[in-house]
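**Student:** Sequence and predicted structure are below.
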Amino acid sequence: MRVLKVEGGFPLNGSVDISGAKNSVVALLAASILSNGVVKIEDVPELSDVDALIAMIEEVGGHVERNDTTITINSENMVYTPLIEGAVQKLRASYYLMGAMLGRFKKATIGVPGGCYLGPRPIDLHIRGFQALGATVTNEGGGYHLEAEKLTGARINLDTASVGATINIVFAAVYAEGTTYIENAAKEPEIIDVATLLNNMGAKITGAGTDLIRIEGVERLDGCVHQIIPDRIEAGTYMLAAALMGEEVRINNIIVEHMEAFLAKLREAGVPMEFGDDYLIIRKADELVATNLKTMVYPGFATDLQQPFTVLLTQAKGTSVVNETIYTARFKHVNELVKMGANIRQEAATAVVVGPTDLQATTVEASDLRAGAALVLAGLVADGITEIQNIEHIERGYDRIIEKLSNLGAKLWVEEV
Ligand SMILES: CC(=O)N[C@H]1[C@@H](OP(=O)(O)OP(=O)(O)OC[C@H]2O[C@@H](n3ccc(=O)[nH]c3=O)[C@H](O)[C@@H]2O)O[C@H](CO)[C@@H](O)[C@@H]1O
Ligand SMILES: C=C(OP(=O)(O)O)C(=O)O
């Protein structure tokens, strides 16, 4: 078994460059299926989720070339292909193949998506959206089958502002006859990124980033070149590492406006920050103060940063209350942090953290991606060598994390045990 070992107590110094956003790239790669030409995507992070999506694109006949951080996809020869097993089960974002293949081929057969278990993760809103556009959806033999004689624009109101459902409905609607309106659309920056790519391919999408998106169907989409936005969750994770252990750490390639709720909480916790145009300098605070937080849809505090932020709260003086409203069971990191000496009580969707507590290294399990990130942060702080199991979750979403943290002065390595 491969484990990640983190030796705690080393100060962090220097600078780190943030990579392209995982939650964008997984949708951008799927969007290439809608193209009849060549799509070139720049700033692609090295992630196992990216590898899995490339495998699926190749399965449907896409020709993919990868050169450092640039991926070029030629979609001309793609054909409808059922994807039931294999790569499709490795990540959550394989659900984007449903909307993209339905849009391009008017049919799709996709296995049940994998990804992090954060409690139930239904896709009913995606399916209701496809049905509203004229598709029939059946679920049998371990996968979803979608088919439409023709797709027609519709007015779709999402019960919950779901990122995945918003993007998936956009994918299915770009080739629909007429105009589609998505009401109560999610507003995450990754949605704007996807709409930008599609518009550069020839789509007619307006309103991305607001709660009303309008998609006027077109007959053909071609190729384009697109640069991915920086990963605001990766950026937040390095900011937390710096707030915990940084003498002086500069975090480059960020869009500060994408991170306002998170930065407000760092400020409230007493973390000293110096802002530049596209960078931020962070130093460890003399004393961190307890801070309450509640996860919300964008522009609120991102659920993906809740687990890593909890580690900061274990080092803050006083009692902090963390309320998770998006994925109410997203607390698998708590027991592992308690094993390391944290004082956290969790009930239902709330965790109460009392700090500061010294953390001690031990063997812990990364149950999901951001739980894994939280354990890496805890390992940086803890006394001794923390052993983190199930590191494949971390590899889904953090580009070269060992290299990036080592460059800052941390001590961590992978070991076969
Ligand atoms: C690949 C990707 O981009 N993943 C992100 C995406 O996941 P994902 O797109 O899966 O998350 P959603 O925005 O869809 O989920 C938000 C909420 O809506 C609910 N819901 C969603 C769809 C649906 O059909 N029915 C339903 O009830 C979910 O259970 C959840 O409570 O947004 C999440 C919320 O910001 C992030 O944590 C994930 O990192
Ligand atoms: C939950 C996450 O990813 P996914 O939706 O891909 O499982 C995440 O990025 O924190």
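**Tutor:** Perfect, thanks for sending it. Numbers count the residues shown, from 1 in each chain. Ligands and ions are numbered 1, 2, ... in the order given.
**Student:** For the rest of this, base every contact and every neighbour count on C-alpha atoms.
**Tutor:** Fine.
**Student:** where does the stretch 1-150 of the chain have low pLDDT?
**Tutor:** Within the stretch 1-150 of the chain, no stretch has pLDDT under 70.
**Student:** who in the protein is up against ligand 2?
**Tutor:** 91, 92, 93, 115, 116, 304, 369, 370 (C-alpha under 6 Å from any ligand atom).
**Student:** what's the nearest residue to the second one if we skip its chain neighbours?
**Tutor:** Taking C-alpha to C-alpha, 6 or more residues apart in numbering, and ignoring the residues beside it in sequence, residue 92 has residue 115 as its nearest neighbour in space, at 4.1 Å.
**Student:** What's the local residue count around that neighbour?
**Tutor:** 18 (other C-alpha atoms under 10 Å).
**Student:** quick one: it is in a helix?
**Tutor:** No - using DSSP: H, G, I helix; E, B strand; the rest coil, the assignment for residue 115 is coil, not a helix.
**Student:** start at 114 instead
**Tutor:** I'll keep to 114 as the first residue from here, and by that count the last item is residue 228.
**Student:** correct me, but it touches residue 208?
**Tutor:** No - distance between residue 228 and residue 208: 10.3 Å, which falls outside the contact criterion (C-alpha atoms under 8 Å).
**Student:** who wins for most neighbours among the residues of the chain next to ligand 2?
**Tutor:** Ranking those using other C-alpha under 10 Å puts residue 483 first, with 27 neighbours.
**Student:** Helix or strand for it, just tell me which one.
**Tutor:** helix 482-494 (DSSP states H and E).
**Student:** What average pLDDT does whichever helix or strand comes after that helix get?
**Tutor:** As assigned by DSSP H and E, the chain's next helix or strand after helix 482-494 is strand 498-502. Mean pLDDT, strand 498-502: 98.
**Student:** hmm, who's touching strand 498-502?
**Tutor:** 115-121, 474-479, 485, 488-489, 492 (C-alpha atoms under 8 Å, 6 or more residues apart in numbering).
**Student:** what about the strands in the stretch 364-513 of the chain?
**Tutor:** Applying DSSP state E, counting those that start in this stretch to the stretch 364-513 of the chain gives strands spanning 386-388, 392-395, 401-402, 406-407, 429-436, 456-460, 463-468, 476-478, 498-502.
**Student:** Reformat those as CSV; add mean neighbour count.
**Tutor:** Compiled in CSV, these are given as follows (neighbours: other C-alpha atoms under 10 Å):
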stretch, mean neighbour count
strand 386-388, 14
strand 392-395, 22
strand 401-402, 24
strand 406-407, 18
strand 429-436, 20
strand 456-460, 16
strand 463-468, 21
strand 476-478, 18
strand 498-502, 22
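**Student:** pretty sure residue 485 is touching residue 491, no?
**Tutor:** No - using C-alpha under 8 Å, residue 485 is not in contact with residue 491, being 9.8 Å away.
**Student:** rewinding a little: any part of the helix holding residue 483 near ligand 1?
**Tutor:** No - applying C-alpha under 6 Å from any ligand atom, one finds helix 482-494 separated from ligand 1 by no less than 9.0 Å.
**Student:** residue contacts, residue 480?
**Tutor:** 445, 446, 503, 506.
**Student:** right, I mislabeled it, should have said residue 168
**Tutor:** residue 200.
**Student:** at 10 Å instead, please
**Tutor:** With contact taken as C-alpha atoms under 10 Å, 6 or more residues apart in numbering, residue 168 is in contact with 162, 175, 177, 199, 200, 201.
**Student:** Could you pick out the buried ones from the residues you listed?
**Tutor:** Among these, the ones that count as buried by 16 or more other C-alpha atoms under 10 Å are 162, 175, 177, 200, 201.
**Student:** Of those residues, just say which sits nearest to ligand 1.
**Tutor:** residue 162 (9.3 Å; C-alpha to the nearest ligand atom).
**Student:** wait, isn't the closest one in contact with residue 228?
**Tutor:** Yes - counting by C-alpha atoms under 10 Å, residue 162 does reach residue 228; the two are 9.0 Å apart.
**Student:** Tabulate the contacts of residue 480 (a markdown table), appending neighbour count and distance to ligand 1.
**Tutor:** Converted to a markdown table, these look like this (neighbours: other C-alpha atoms under 10 Å; distance: C-alpha to the nearest ligand atom, whole Å):
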| residue | neighbour count | distance to ligand 1 |
| --- | --- | --- |
| 445 | 18 | 14 |
| 446 | 23 | 15 |
| 503 | 18 | 18 |
| 506 | 22 | 12 |
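**Student:** so which of those residues comes closest to residue 430?
**Tutor:** In terms of C-alpha to C-alpha, no member of the contacts of residue 480 lies closer to residue 430 than residue 446, at 20.4 Å.
**Student:** That closest one contacts residue 481, doesn't it?
**Tutor:** Yes - using C-alpha under 10 Å, residue 446 is in contact with residue 481, at 8.4 Å.
**Student:** residues shared between the contacts of those two?
**Tutor:** residue 487.
**Student:** chain center to stretch 267-281, what's the gap?
**Tutor:** Distance of stretch 267-281 from the chain centroid (C-alpha atoms, centre = their mean, to the nearest Å) equals 18 Å.
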